[in-house]
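Novice: dropping a prediction and its sequence here:
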Protein chains: 4
Amino acid sequence: MNTIGEKFSFTSFGESHGRAIGGVLDGVPAGLKIDMEMIRQALDRRAGRIAEGMRREAGVSPRALREADEVEWLSGVMDGVTLGTPIAFIIRNKDARSEDYDWLKYTYRIGHADRVYQEKYGIRDHRGGGRASARETASRVVAGAIAQQMLQEQNIRIHARLVQVGEERNPEKFDSYITGIQREGDSVGGIVECTITGMPIGIGEPIFDKLQSHLAFAMMSINACKGFEYGSGFQGIGMKGSEMYFSDNQQLISGGIAGGISDGTPIVFRCVFKPTASSQKTFEAIRQEAKGEKKNGRHDACVAVRAVAVVEAMTALVLTDFGMIFEQKCHE
Amino acid sequence: MNTIGEKFSFTSFGESHGRAIGGVLDGVPAGLKIDMEMIRQALDRRAGRIAEGMRREAGVSPRALREADEVEWLSGVMDGVTLGTPIAFIIRNKDARSEDYDWLKYTYRIGHADRVYQEKYGIRDHRGGGRASARETASRVVAGAIAQQMLQEQNIRIHARLVQVGEERNPEKFDSYITGIQREGDSVGGIVECTITGMPIGIGEPIFDKLQSHLAFAMMSINACKGFEYGSGFQGIGMKGSEMYFSDNQQLISGGIAGGISDGTPIVFRCVFKPTASSQKTFEAIRQEAKGEKKNGRHDACVAVRAVAVVEAMTALVLTDFGMIFEQKCHE
Amino acid sequence: MNTIGEKFSFTSFGESHGRAIGGVLDGVPAGLKIDMEMIRQALDRRAGRIAEGMRREAGVSPRALREADEVEWLSGVMDGVTLGTPIAFIIRNKDARSEDYDWLKYTYRIGHADRVYQEKYGIRDHRGGGRASARETASRVVAGAIAQQMLQEQNIRIHARLVQVGEERNPEKFDSYITGIQREGDSVGGIVECTITGMPIGIGEPIFDKLQSHLAFAMMSINACKGFEYGSGFQGIGMKGSEMYFSDNQQLISGGIAGGISDGTPIVFRCVFKPTASSQKTFEAIRQEAKGEKKNGRHDACVAVRAVAVVEAMTALVLTDFGMIFEQKCHE
Amino acid sequence: MNTIGEKFSFTSFGESHGRAIGGVLDGVPAGLKIDMEMIRQALDRRAGRIAEGMRREAGVSPRALREADEVEWLSGVMDGVTLGTPIAFIIRNKDARSEDYDWLKYTYRIGHADRVYQEKYGIRDHRGGGRASARETASRVVAGAIAQQMLQEQNIRIHARLVQVGEERNPEKFDSYITGIQREGDSVGGIVECTITGMPIGIGEPIFDKLQSHLAFAMMSINACKGFEYGSGFQGIGMKGSEMYFSDNQQLISGGIAGGISDGTPIVFRCVFKPTASSQKTFEAIRQEAKGEKKNGRHDACVAVRAVAVVEAMTALVLTDFGMIFEQKCHE
């Protein structure tokens, strides 16, 4: 339930406003020197922890900056080198301020999982959304960064980027567009595109363990993700077979996967993220209904901005679980 | 690799032009009276086995009609009632005519997995695409129909239908549109929408076993499926949070799932299927290149037509694996 | 539930007196030429299908000889060579004679699982014990023989043999001892010892996927098996540490496994099998109670004789699932 | 690799002399009030943390007493009540004193996994045996105690006890026997018997998920365990079928399991533990060979004493994973 992967598995734990969030990564070979700086950068991208000017423009809330995200390594690493044993780590929740959420104890937020949690479990850690909070994805980013390092040693590179914000498709206009949405106290969705290069041919299984199945599974587990497509995807719905298979851009159409198996060309897929329901406008509406005092800070105008780092992390976890590392070693 | 599900698992086997295709369904409780007619109808829908007039209009190839799809039950069933032991069944490949495919022995078809199979396995059953053939989905339909019966006893209904063919969104015009494409020897993609009603609240897990993750995983495993979305999906990219969360149609936006867990309202998701690469036009091109003799029969102008039955089957397998059946029994 | 293994998995199906028993073996690499004669011999050993004189002496029932055990390959094999796709096979139950078991419909046999099946499933295929019958192990032997072939290519050999029958430990006296038990209409237990040679160092995982854990899991799944031990086992209970660790025979004590991981020396483990409850004496008692007519034929005086082939098969399935094959290839 | 269980899973992490050991328990329902005192007692039993007089007599080393084993709860629990989210906990390694183990850096200990670790991983945390240390079992005991609480609510009780120490079978003489062995600087093996009462009928699956298979798997994962038997086991090798099935004590013979499924009577199984290789005698021999200075403290004369708590814990984890809790709730 909180574990993904079999040969290379990641278990996530922690409530966003409990003592800590963290994870256990099992299957990392011994002897890997962990690049701590790479982990730090991935966490910063997820947290939107960037220069203040950029932050404001990018529609990232100041709350993100408050999160220190310091990783404490509990096991599996000695002097920065992996031991081959499970790597457990935690990120303490220093700045919980759970009293901010007291008024939520008796309220279900629109567009959140509050109600289903209450129904399913009969109990709910209402503070900060508990487990459903996007804060949980910080653990995924740590684990994914280690997986990415393993992949890089095989010359496999994962690169995700924002390609659409609302209806805006010109990256040069994203900042001003998001700033506008932010000022309105509103929120907007976005599309993240991810490219994997350096993939060997033959990764994926023909029937139920297709590469695209595992990628879709992992991406749909990211908060606010409402869709996944690869290659021609939904976008290609207007193309006929005669256009598709005789176009000059075969790779764009196949997305780098044939019959569930990587074909050796770059893999390209896209995920769509909905506008957050935590925008000022929705919060205000809930607050008024609940007669609560307004305390809630600003939230992200476009969560897809921060999702980029999570998309990369989850992609890395999927690929390492396919045992690419070990199989690759064979071919050397 | 060829198994999906844990508590309720389905294992698929068989090459499209080998002796038989089939499957093993494990986890069906004892005492279920199997509705053989329901299985027959599902198989007929998948095979496009419909009245000749409808067939021609729907762009279903006559080859589909030749497939008898007779299910032979090997185990798990006694006098039509399940025993609680694994249900194994086969569908023999009566009309293989594998000589039709001899010229493919030395050819990789565009848009097919022929090449990656050869690279991955170093051997390939070239006859009819071997394992990658859509024929394998007949086994899924048998298994899915049994799962659907179990769900119906809980008043959970799964209904999939074609909602878009190429750029055509008016169902009344699908037949003539596909017939036109067929006449051109071309192919076209389509979108299948699936609705699940009667879902209890609370099915799905918060982090990695989200309901949408499992649905996406299963749908992406269907041949030619290039994308999955639920609720607002890619379609909703233009909506701001203020529009989305205060619209009158909350359910359409959420898609019946919140935080990975069913919220008790109908679940709605969509899958996009690419145009088949087996259309006359692409085959002709390959044939000329391979200097082979033209033997190949007509293929489907729109595989999404036949995918409808497979979408329902895979949905049923996902839901039963969530153990809904057993949990439901508890609440009675 | 009816599947063992993850990377290399085997799914078993079929009731002993239904249409067929069989299995699906997933994970066999493409290009393996299957040694059908080796499978035949393994099946013969399991069935006690040996020369009549030997048969009588060995306490194997004539019923065993009636079983033809002809394997029909449904998928995954073309011209005797594996395709890399799942291998499905069946063995039809030709000589079912299920009427022999009619009187059992209303009787639970002592020492059998009849009653728990009825309680658990509410339905039961009483014919020949249904799923609980030892006949199901024929499917395991087919799958195990293929796994053994894969291992032999790595120079890993599995050899099991009977080392104790009742209290008799001298192999030269087993035949006459069993014949005597057979004449009395009684049954007796036995101990099978299995040795694996050619094992590379490093197979097994330190905590929960210890090599001995998987071997024990697999052996305990064999009908009538009541215990598993490796190395010093229960036998070594009288030895002090000072004797054990300074004896000349370290290997015998360790059993070839240290900390859950193969240490490169031969692996030695033992399984104990209880006397069958299907002996003439117990059947007679049940029959009288049920006022049934005596119809039942003779049963094995010592099931451990036939279990030898099953122990080898299950051992092979465990080792191949540890991915030894693939890892080995790396080191070449 | 470091996870056991599927529906109810436990992941263990931590090196014995790293920062902390710990675990993640997934699948505990929300709303369970954790009995912290019960966990404390289980940890004390595992640590041999008992009155000094008893300690000396029982052959428990003083080192055991130094271990504080204080559990820090990281997630899944709020105000002592479970949230339904994964429960993560750690036990910090306060008293590591890893310098005691410096001389081991270049030595492989007899009867330990030191050498296979080095060969398998190419790196090894030599301090205190790293992952192979029995200290790891403290995490299992914490997890198992929570599982046991869940079982107790269903009136299922697990009770393990030492029934044999070396060749001594009289419990009244265990203390003096172990004290004698301790004085000799030697070590001795033992047999732990575990009884499960209150088991409902029907737990376990007929073929590969037999109840005894899972129990054997779990027990064989405990350090120093060399064998598992249930019911008549190896002990019953001398009994003929006529004696076994007509004895007055059917239950003792069946061990409470028929055909892999609980039969509603008490389940009884036994595990054998070898003498530890860490006794003074073996250490002394290694030390002399390595020309190291003698620093190592006393070790347990009979590890089976402390294994009792671990046997109970692992049994509880197996049973809860069989979903007994949830199925039970259905029948109410």
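Specialist: Looks like it arrived, so ask away.

Novice: residue of the stretch 151-300 of chain A nearest chain C, please.
Specialist: For the stretch 151-300 of chain A and chain C, the shortest gap (CB to the nearest CB) falls at residue A:206, measuring 7.3 Å. Where C-beta positions appear, they are placed from N, C-alpha and C, glycine not excepted.

Novice: start from the N-terminal end of the stretch 101-250 of chain A and give the helices.
Specialist: Assigned by DSSP state H, counting those that start in this stretch, the stretch 101-250 of chain A shows helices spanning A:114-121, A:137-152, A:174-183, A:211-220, A:241-244, A:250-254.

Novice: and these as TSV, adding mean neighbour count?
Specialist: Shown next, in TSV, are the helices of the stretch 101-250 of chain A (neighbours: other CB atoms under 10 Å in any protein chain shown):
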stretch	mean neighbour count
helix A:114-121	21
helix A:137-152	25
helix A:174-183	18
helix A:211-220	28
helix A:241-244	22
helix A:250-254	18
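
Novice: let me have the ones you listed in TSV, extended by mean pLDDT.
Specialist: Supplementary listing: the helices of the stretch 101-250 of chain A in TSV, determined by pLDDT from 0 to 100:
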stretch	mean pLDDT
helix A:114-121	77
helix A:137-152	96
helix A:174-183	91
helix A:211-220	98
helix A:241-244	86
helix A:250-254	80
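
Novice: mind putting those helices in a markdown table, distance to residue A:79 included?
Specialist: Formatted as a markdown table, the helices of the stretch 101-250 of chain A follow (distance: least, CB to CB, whole Å):
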| stretch | distance to residue A:79 |
| --- | --- |
| helix A:114-121 | 41 |
| helix A:137-152 | 16 |
| helix A:174-183 | 42 |
| helix A:211-220 | 31 |
| helix A:241-244 | 53 |
| helix A:250-254 | 43 |
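
Novice: could you give the number of residues near the residue of the stretch 151-300 of chain A closest to chain C?
Specialist: Other residues lying near residue A:206 total 25 when counted by other CB atoms under 10 Å in any protein chain shown.

Novice: I'd like to know how far residue A:274 sits from residue D:149.
Specialist: Remark: distance between residue A:274 and residue D:149 (CB to CB, to the nearest Å) = 40 Å.

Novice: should've said residue A:20
Specialist: 24 Å.

Novice: sorry, back to before: so for chain D, which of the helices of the stretch 101-250 of chain A sits nearest?
Specialist: Comparing the helices of the stretch 101-250 of chain A by CB to the nearest CB, helix A:114-121 comes nearest, at 3.7 Å.

Novice: what helix or strand does residue A:25 sit in?
Specialist: Element membership of residue A:25, judged by DSSP states H and E, is strand A:20-26.

Novice: and the residue of the stretch 151-300 of chain A closest to chain C, how far from residue A:244?
Specialist: 22 Å.

Novice: pretty sure the residue of the stretch 151-300 of chain A closest to chain C sits against residue C:85.
Specialist: Yes - look at residue A:206 against residue C:85 with CB atoms under 8 Å: they come within range, at 7.3 Å.

Novice: and the residue of the stretch 151-300 of chain A nearest chain B?
Specialist: Counting by CB to the nearest CB, the stretch 151-300 of chain A gets nearest chain B through residue A:259, at 2.3 Å.

Novice: what's the neighbour count on residue A:185?
Specialist: 17.

Novice: could you measure from the residue of the stretch 151-300 of chain A closest to chain C over to residue C:77?
Specialist: 16 Å.

Novice: once you drop chain neighbours, what's closest to the residue of the stretch 151-300 of chain A closest to chain B?
Specialist: residue B:113 (2.3 Å; CB to CB, 6 or more residues apart in numbering or on different chains).

Novice: for that neighbour, grab phi and psi.
Specialist: phi -90, psi 10 (degrees, to the nearest 10).

Novice: and the pLDDT for it?
Specialist: Residue B:113 is assigned a predicted lDDT (pLDDT) of 78.

Novice: gap between the nearest residue to residue A:188 once chain neighbours are set aside and residue D:191?
Specialist: Excluding its sequence neighbours, the residue lying closest to residue A:188 (CB to CB, 6+ apart) is residue A:166, at 4.2 Å. Per CB to CB, residue A:166 is found 70 Å from residue D:191.

Novice: so between the two, which is more surrounded?
Specialist: Between residue A:166 and residue D:191, residue A:166 has the larger neighbour count (other CB under 10 Å), namely 23 against 19.

Novice: please list all residues in contact with residue A:145.
Specialist: A:35, A:38-39, A:42-43, A:313, A:316 (CB atoms under 8 Å, 6 or more residues apart in numbering or on different chains).

Novice: hmm, back to that, and the strand holding residue A:25, how far from the chain's centre?
Specialist: 15 Å (CA atoms, centre = their mean, to the nearest Å).

Novice: and it, C-alpha only, in CSV?
Specialist: Output of strand A:20-26 as CSV, limited to C-alpha atoms (Å, rounded to 0.1, in the frame of the first residue of the first chain):
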residue,chain,number,x,y,z
ALA,A,20,8.7,13.1,10.5
ILE,A,21,8.2,11.8,7.0
GLY,A,22,10.6,9.3,5.5
GLY,A,23,11.2,6.2,3.6
VAL,A,24,13.0,2.9,3.2
LEU,A,25,14.8,2.1,-0.1
ASP,A,26,15.6,-1.5,-0.6
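
Novice: does that strand reach chain C?
Specialist: No - judged by CB under 8 Å from any CB of the partner chain, strand A:20-26 stays clear of chain C, getting no closer than 9.5 Å.

Novice: buried sites along the next helix or strand after that strand?
Specialist: The C-terminal neighbour of strand A:20-26 among helices and strands, as given by DSSP H and E, is helix A:36-47. Residues of helix A:36-47 classed as buried by neighbour count (16 or more other CB atoms under 10 Å in any protein chain shown): A:39-40, A:42-47.

Novice: from these, which one has the minimum pLDDT?
Specialist: residue A:47 (85).

Novice: surely it meets residue A:306?
Specialist: Yes - counting by CB under 8 Å, residue A:47 touches residue A:306, with 7.2 Å between them.

Novice: can you give me the neighbour number for the closest residue to chain B within the stretch 1-150 of chain A?
Specialist: Taking CB to the nearest CB as the measure, the stretch 1-150 of chain A has residue A:113 as its residue closest to chain B, at 2.3 Å. Residues contacting residue A:113 under the criterion other CB under 10 Å number 25.

Novice: any idea how far residue A:134 is from it?
Specialist: In terms of CB to CB, residue A:113 sits 12 Å off from residue A:134.

Novice: repeat for residue A:268
Specialist: 25 Å.

Novice: helix, strand or coil: sort out the closest residue in space to residue A:218 that isn't next to it in sequence for me.
Specialist: Spatial nearest neighbour of residue A:218, excluding adjacent residues (CB to CB, 6+ apart): residue A:314 at 4.1 Å. What DSSP: H, G, I helix; E, B strand; the rest coil gives for residue A:314 is helix.
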